[in-house]
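Sequence unavailable; structure follows:
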């Protein structure tokens, strides 16, 4: 019986990109975005830290709109900042 469910799930996934996301990882927060990853299809399922539930499509659209409208702060490049960036690039190239 299980193979029938797996067959239909694979057909839905192939046609509609639909996955039931039964096996999710723990929540990750990277760069201010919290999400879980589906272990079957590796899709990110965005997650709310406040309610500890997956975000709805509406909440996700609202979150992305707020991030797009966020002000971008630019820091003037000083000689000290350029020197620090050069040190970082040399360090990563050596590693």
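That came through, no problem. None of the values given here were measured: they were computed from a predicted structure.

Need the nearest residue in space to residue 53, chain neighbours excluded.
residue 47 (7.3 Å; CB to CB, 6 or more residues apart in numbering). The way it works is simple: take the backbone N, C-alpha and C, and place the C-beta from them, glycine included.

immediately after the strand or helix carrying residue 59, which helix or strand?
Here residue 59 sits within helix 57-68, counting by DSSP states H and E. Next in sequence after helix 57-68, counting helices and strands by DSSP H and E, comes helix 79-94.

Please point out which parts of that next one sit buried.
For helix 79-94, the neighbour count (16 or more other CB atoms under 10 Å) marks no residue as buried.

Quick check: most distant residue from the centroid of this protein.
Ranked by distance from the centre of the chain (CA atoms, centre = their mean), the top residue is residue 79, with 34.8 Å.

contacting residues around the helix holding residue 59?
For helix 57-68, the external contacting residues (CB atoms under 8 Å, 6 or more residues apart in numbering) are 46, 48, 55.

To which secondary structure element type does the first one belong?
This points to residue 46. Look at residue 46: counting by DSSP: H, G, I helix; E, B strand; the rest coil, its state is strand.

right, and it touches residue 55 too?
Yes. Look at residue 46 against residue 55 with CB atoms under 8 Å: they come within range, at 4.5 Å.

re the thing from before, what does the model give the residue farthest from the centre of the chain for pLDDT?
What the model reports as pLDDT for residue 79 is 77.

Counting by contacts, list what the top strand by length along the chain packs against.
Criterion DSSP state E: the longest strand present in the chain is strand 33-37. With contacts taken as 3 or more CB pairs under 8 Å, 6 or more residues apart in numbering; DSSP states H and E, strand 33-37 sits against strand 28-30, strand 44-46.

Just name the most buried of those.
strand 44-46 (a mean of 15; mean count of other CB atoms under 10 Å).

What average pLDDT does it get?
85.

and that strand, what does it pack onto?
Using 3+ CB pairs under 8 Å, 6+ apart, strand 44-46 is in contact with strand 33-37.

The strand it packs on: partners in the sheet, and parallel or antiparallel?
Strand 33-37 pairs in its sheet with strand 28-30 (antiparallel), strand 44-46 (antiparallel), by DSSP bridges.
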